[in-house]
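Peer 1: Please work out how this folds:
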Amino acid sequence: MSAVTGEPRVWARDMAIVGGVTAFLAPMPALPLATMWFIGATTVTGAVTGAAFGAAMPGALEVLRRRLPLAALLAFGPIPGALWGGIVGALGFGLSGGVAPLAVCVLCAAIAGALQFGLFWFPYTFQTVRGAPRWPVVLGACVLTPLIGVLTMSAVLFAMFGFSGIWL
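Peer 2: All right, here's what the predicted structure looks like:
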C-alpha cells in the first residue's frame, strides 16, 4: 500500500480497538434494554469487523482519494460508519438472542457507528498521511465513546418520541 494511506495491519489493529471499545461502551446508557449478552456480542463483532474494515481502508482510500474531492470524502464519512454499526448491531442481536427489537439494535448501532467513524476516520487518516502517531486519535475515539452512547440514545429517543409531540 501507499505510504499516504497507511498499512492494512495498522488500520486493522486500530479499527479493531475502536470497534470493540465503541461496541462495549456505547450501549451502556441503554441498560437494561441492552443486556450484557448483547454488549458482549457487539464487543466481539465490533472488534472482528473493525479489523476486517480497517484492513480494507488503505486500499479503499487509495482508490477514493484520486476520484473524490476531500469535501466529498468528509461528507460521506459517516456512511461507512453507519453500515459498520448496523452490521455490528444486527450481529449482536443475533448472537445474543435479542431482547430488544432488531430494528432498535440496528438503528442504535448504526447511529453510534456513523458518529464514531464520522469523527474518527479523518483525523486518523490525516495523522497517517503526516506520518504522525495515530494512538492519540485512537485513544480520543475510545475516551469519547460514552458521549457517543449518550448522543445515540438521545437521537433514538427523539426519533421515537420527539416527532410525535411527546417530549420526555
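Peer 1: Would you point out which residue is most central in the chain?
Peer 2: The chain has Gly113 as the residue nearest its centroid, 2.9 Å off, counting by Cα atoms, centre = their mean.
Peer 1: so how far is the helix or strand of the chain with the lowest mean pLDDT from its chain's centroid?
Peer 2: In the chain, no helix or strand scores lower on mean pLDDT, DSSP states H and E than helix 70-76, which sits at a mean of 85. In terms of Cα atoms, centre = their mean, to the nearest Å, the gap separating the centre of helix 70-76 from the centre of its chain is 17 Å.
Peer 1: And the helix or strand following that helix, what's buried?
Peer 2: Downstream of helix 70-76, the first helix or strand assigned by DSSP states H and E is helix 78-96. Neighbour-count burial for helix 78-96, counted by 16 or more other Cβ atoms under 10 Å, picks out 78, 80-82, 84-93, 96. C-beta here means a position set from N, CA and C on the backbone, and glycine is covered the same way.
Peer 1: Alpha carbons of helix 78-96, in PDB - could you do that?
Peer 2: Coordinates of the C-alpha atoms in helix 78-96 are reproduced here as PDB (Å, rounded to 0.1, in the frame of the first residue of the first chain):
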ATOM      1  CA  PRO A  78     -20.400   8.700   8.400                       C
ATOM      2  CA  ILE A  79     -22.000   6.400   5.800                       C
ATOM      3  CA  PRO A  80     -19.500   3.500   6.100                       C
ATOM      4  CA  GLY A  81     -19.700   4.000   9.900                       C
ATOM      5  CA  ALA A  82     -23.400   3.600   9.800                       C
ATOM      6  CA  LEU A  83     -23.200   0.500   7.700                       C
ATOM      7  CA  TRP A  84     -20.500  -0.900  10.000                       C
ATOM      8  CA  GLY A  85     -22.500  -0.100  13.100                       C
ATOM      9  CA  GLY A  86     -25.700  -1.500  11.600                       C
ATOM     10  CA  ILE A  87     -23.900  -4.800  10.900                       C
ATOM     11  CA  VAL A  88     -22.500  -4.900  14.400                       C
ATOM     12  CA  GLY A  89     -25.900  -4.200  15.900                       C
ATOM     13  CA  ALA A  90     -27.600  -7.000  13.700                       C
ATOM     14  CA  LEU A  91     -24.800  -9.500  14.600                       C
ATOM     15  CA  GLY A  92     -25.000  -8.500  18.300                       C
ATOM     16  CA  PHE A  93     -28.800  -9.000  18.200                       C
ATOM     17  CA  GLY A  94     -28.400 -12.400  16.500                       C
ATOM     18  CA  LEU A  95     -25.600 -13.700  18.700                       C
ATOM     19  CA  SER A  96     -27.200 -12.500  22.000                       C
END
